[in-house]
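S.K.: below is the sequence, then the predicted model.
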Amino acid sequence: QVQLVESGGGLVQAGGSLRLSCAASGRTFSSYAMGWFRQAPGKEREFVAAISWSGGLTYYADSVKGRFTISRDNAKNTVYLQMNKMKPEDTAVYYCAADAVAGTGLGYDYWGQGTQVTVSS
């Protein structure tokens with residue numbers, strides 16, 4: 001069982017930066033791949049980024065490639081999403097998720113409750 005708690009959301013101007021954190025409970029965090037997803041009002045939840053259990057492999061949606069960076073610190077049971085050059089279309093609730101294998105689909109086993117990110121123009 002893994003419990004996930006996101007933090008770091010807020011209001012930022014276009015072009016600005018935010019760093020999201022996702023703290024995981026449990027001693028097996030390092031065995032899970034982690035993902036970030038987002039859901040804007042009236043839209044489907046979508047993949048943002050994922051990272052393998054070791055941190056050696058990362059994956060990004062085309063819409064955030066070159067602007068967002070996913071990383072993890074297994075000693076701190078935490079995964080991060082550094083978001084730079086933010087755009088109004090990045091506005092959404094951001095969720096972290098954990099699963100055995102990193103992927104771009106919604107089939108992750110564990111999900112956090114989300115953190116709101118709003119980018120003003």
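M.R.: Nice, I can see it. Numbering: from 1, shown residues only.

S.K.: and Tyr59, which helix or strand is it part of?
M.R.: Using DSSP states H and E, Tyr59 falls within strand 58-60.

S.K.: distance between the next helix or strand after that strand and the chain's centre?
M.R.: Moving toward the C-terminus from strand 58-60, the next helix or strand (DSSP H and E) is strand 68-73. Distance of strand 68-73 from the chain centroid (C-alpha atoms, centre = their mean, to the nearest Å) equals 8 Å.

S.K.: shouldn't Val2 be in contact with Ala33?
M.R.: No: the pair Val2 / Ala33 is not scored as a contact, 11.4 Å apart, by C-beta atoms under 8 Å. (Glycine included, C-beta is placed from N, CA and C.)

S.K.: distance of Asn84 relative to Thr69?
M.R.: 8 Å (C-beta to C-beta, to the nearest Å).

S.K.: who's more crowded, Val2 and Ala33?
M.R.: More crowded of Val2 and Ala33, by other C-beta atoms under 10 Å: Ala33, with 22 against 19.

S.K.: which other residues reach stretch 71-88?
M.R.: Residues outside stretch 71-88 that contact it (C-beta atoms under 8 Å, 6 or more residues apart in numbering) are 12, 14-26, 29-30, 34, 36, 48-49, 51, 55, 64, 67-70, 90, 94, 96, 117, 119-121.

S.K.: ok so, going back, what touches both of Val2 and Ala33?
M.R.: Joint contacts of Val2 and Ala33 (C-beta under 8 Å, 6+ apart) are Ala98.

S.K.: for the residue nearest to the spatial centre of the chain, give me its contacts.
M.R.: The geometric centre of the chain, computed from its C-alpha atoms, lies nearest to Trp36 (C-alpha atoms, centre = their mean), at 2.6 Å. Listed by C-beta under 8 Å, 6+ apart, the contact set of Trp36 reads 20, 22, 48-50, 70, 79, 81, 94-97.

S.K.: thanks a lot, catch you later.
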